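Q: No letters, just coordinates:
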């Protein structure tokens, strides 16, 4: 390979960046401003191209060709290119160096014009009447639609049928009782409840009646259609989609025999089907920067294509036949994984490798990537705002721009070839994707590169075995189960890597969220990359980085501040729900309630260092207190479960008992007077003093009320006890005064003021979710508690909370907004 072939061709990068960023900005504008931006950019591009470099910069003095030519600073091999870099042959631009800058600017402006104008046209269609008017009126309508992607389940109360989110294309709509309808062609989201939604396939036509609601904006979705009943099919999906559905269902059946964690992960690795993925596993993957493995990406495509090409090479197939058959495999895999925008995007990214192979010029991959960005954004401007699209493009670009050079640099430094490749690939992808991930998550993962390095050897075998499982499942189910079993082992390894990585102390550091945080990290990354180009600066940066890591990391590990020393109770930020922790020491704690979802409570217990739970107390069986019970059990020993005697709601009761039975944990229905003591912790059930019926909410008013003492600090945990149970406690319990009160029912207005006066807490912890639909907490109530001398803290505003016993009395530590 010549130096010119190895150099990177970056000429189309400006066009791609302009198209992408303009499309992203236009999605947040109406059609007219977006069109004006596009027109202005087109005019500026024309003016830029019309002027010579000398007139553009206000000078006629030419730049000497020798400084920009092939042998010059920017023209040598291994810098910005050989022939055809950033401008004409052998130099940066037409007549001189400034000409190259002119054409770069012109390319960016042309991209902006293209992206803004195309997006403006799509926005105009999205916002057109009569649909826009019907949406503003929240009209009841009958609609005909074509399903665009697989239905996705949304979270639902335990025991209830889930609500399904179905991306669709609206083709016809008629207001309720109207004599005629209107033909349209826009994107909508359908929301429906029932099992019939689960079986819808992409490409299938349906008719549904429901009510229109406004979409959130920022994309091309024109409206949300909340459907009142089951959809009425008006045709079947194509044979390809039906075949893909059969293969996907076969993959799920074969994986059903595996343990829950690898069995839920393997379909996600192969075809992006995460319907059975354990939420706690998903959270671990997110924490360790491995979440890209749970979706179809260019890596999946490359693995499948690479396997096909390897087999063809073993069969001595020629380059032309190899590319043709690999392309056929690519199309088949895209159909299997569903040709949704994200999968098509991944397929196109994978096809970039084929382009480089077919042309025998690896440097062709960079302009192919830039062209891909332009084509995809023009075809579907909504991709410009899609996080998956950004991560896919940046990861591919990072591999093309950085990975090869870093690998070669490591090999020159004496690192073995295989290890150099293994280190360079995840590092390049993480550097490229880091700013976007930081902006989205509000944190920077310190374990992402090593976690992905450890995960890499397992991804390819899991993917290949999963694809084989899907393909053979309709023909030979027993063989499919065997290959699924084999694929389960690398999936187990991935789960283990994610779990250990997520538990590394201070494995993530806080970072400003949003676009500002992403741009800040991008600027720092660019500055470091430029600094590393100069050996003296590289040595200084390496010394400073080593000093920071070796000096600050141990301090962060030892004094990160969470959990704080001397903590006696912690309130977990689990959203709209409850989860409270009473410490025993040595990684043990009593846990009271589990929140609505497994991942948040598992995260909270992990951060507190809890690996054993002698007692899990369940105040009552509402979803927001028991929905996360699997998260308490995950990776921990739970010795006993103590619950209220009130067995409703039945779905929550069954969930708790089923999870306990799965782990062989005994369950006890406790009554007032039950007591448990270990070390300096005592827990006693004081309520309900008797069974209460006919109240506003019998499950709430039969909540277990626990009085705990930790190192002499009195703590009262109220569950969701309302006025009736609080008044009963006031009559039955002589001494209610406490130091720390976990306020009942997320701070709702259903409180007994006489009871609160008798409790007279110094600290009040309110476990509540941000922007909840219940109006919790009641602000006048919190204000009254504050006036009475209590310090009131809320998990929705201050994150995880902990009360701390100090030599000066009781203090409270808030971890920060969740």
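A: Done, it's in. Keep in mind that this is a model prediction, so the values were computed, not measured.

Q: Could I get the full set of helices for the stretch 451-600 of the chain?
A: 477-502, 514-531, 535-558, 598-608 (DSSP state H, counting those that start in this stretch).

Q: of all the ones you listed, which has the lowest average per-residue confidence?
A: Looking over the helices of the stretch 451-600 of the chain, mean pLDDT reaches its minimum on helix 535-558, with a mean of 53.

Q: Just the buried residues of the longest helix along the chain, please?
A: For the chain, the helix with the greatest residue count under DSSP state H is helix 97-126. By 16 or more other C-beta atoms under 10 Å, the buried positions in helix 97-126 come out as 97-123, 126. Backbone N, C-alpha and C define where each C-beta goes, glycine included.

Q: what's downstream of that helix, the next helix or strand?
A: As assigned by DSSP states H and E, the chain's next helix or strand after helix 97-126 is helix 131-136.

Q: show me the residues around the residue nearest in space to the middle of the chain that make contact.
A: Note on the chain: the residue nearest the mean C-alpha position is residue 286, at 6.3 Å, using C-alpha atoms, centre = their mean. For residue 286, the contact set (C-beta atoms under 8 Å, 6 or more residues apart in numbering) comprises residue 441.

Q: name the element it belongs to?
A: helix 279-287.

Q: Repeat that for residue 796.
A: Per DSSP H and E, residue 796 falls inside helix 795-798.

Q: Show me what the helix or strand hosting residue 785 is packed against.
A: Using DSSP H and E, residue 785 falls within helix 779-787. Applying 3 or more C-beta pairs under 8 Å, 6 or more residues apart in numbering; DSSP states H and E, one finds that helix 779-787 contacts strand 763-766, strand 791-794.

Q: Not counting the first one itself, show me its contacts.
A: Just to be clear, that refers to strand 763-766. Counting by C-beta under 8 Å, 6+ apart, 569, 571, 580, 739-743, 746-747, 777, 782, 785, 790-795, 801, 803, 810, 812 sit against strand 763-766.

Q: redo that, cut-off 7 Å
A: For strand 763-766, the external contacting residues (C-beta atoms under 7 Å, 6 or more residues apart in numbering) are 571, 739-743, 746-747, 777, 785, 790-795, 801, 803, 810, 812.

Q: now stretch 803-818
A: Applying C-beta under 7 Å, 6+ apart, the contact partners of stretch 803-818 are 562, 564, 566-569, 573, 711, 713, 739-740, 762-763, 791, 793, 797-802.

Q: can you count the residues close to residue 371?
A: A count of nearby residues for residue 371, using other C-beta atoms under 10 Å, gives 16.

Q: check contacts around the nearest residue to it once chain neighbours are set aside.
A: Nearest residue to residue 371, sequence neighbours excluded (C-beta to C-beta, 6 or more residues apart in numbering): residue 12, at 6.2 Å. Counting by C-beta under 7 Å, 6+ apart, residue 12 touches 367, 370, 371.

Q: end to end, how far does stretch 666-683 reach?
A: End-to-end distance for stretch 666-683, by C-alpha to C-alpha, to the nearest Å: 18 Å.

Q: average pLDDT for it?
A: 94.

Q: what's next to that stretch, contact-wise?
A: 582, 584-585, 590, 614-615, 640-645, 657, 660, 684-689, 704, 706, 708-711.

Q: How about it, which residues are buried there?
A: In stretch 666-683, counting by 16+ other C-beta under 10 Å, buried: 667, 670, 672, 674, 676, 681, 683.

Q: now the stretch 351-500 of the chain, which segments are flagged as low pLDDT?
A: Scanning the stretch 351-500 of the chain for pLDDT under 70 picks out the ranges 351-364.

Q: go with 90
A: Applying pLDDT under 90 to the stretch 351-500 of the chain picks out residues 351-373, 375-376, 383-460, 463-464, 467, 471, 474-475, 499-500.

Q: same deal with the stretch 651-800 of the chain?
A: For the stretch 651-800 of the chain (pLDDT under 90), the answer is 687, 733-736, 770-775, 797.

Q: Tell me the spatial nearest neighbour of residue 458, not counting adjacent residues.
A: residue 490 (3.6 Å).

Q: Contacts only, for that neighbour.
A: Residue 490 sits next to 458, 461, 462 when contact means C-beta under 7 Å, 6+ apart.

Q: Quickly note the distance from the second one to residue 420.
A: Which is residue 461. Residue 461 sits 22 Å away from residue 420, going by C-beta to C-beta, to the nearest Å.

Q: more neighbours, the two?
A: residue 420 (19 against 16).

Q: Can you classify the more buried one by secondary structure?
A: helix (DSSP: H, G, I helix; E, B strand; the rest coil).
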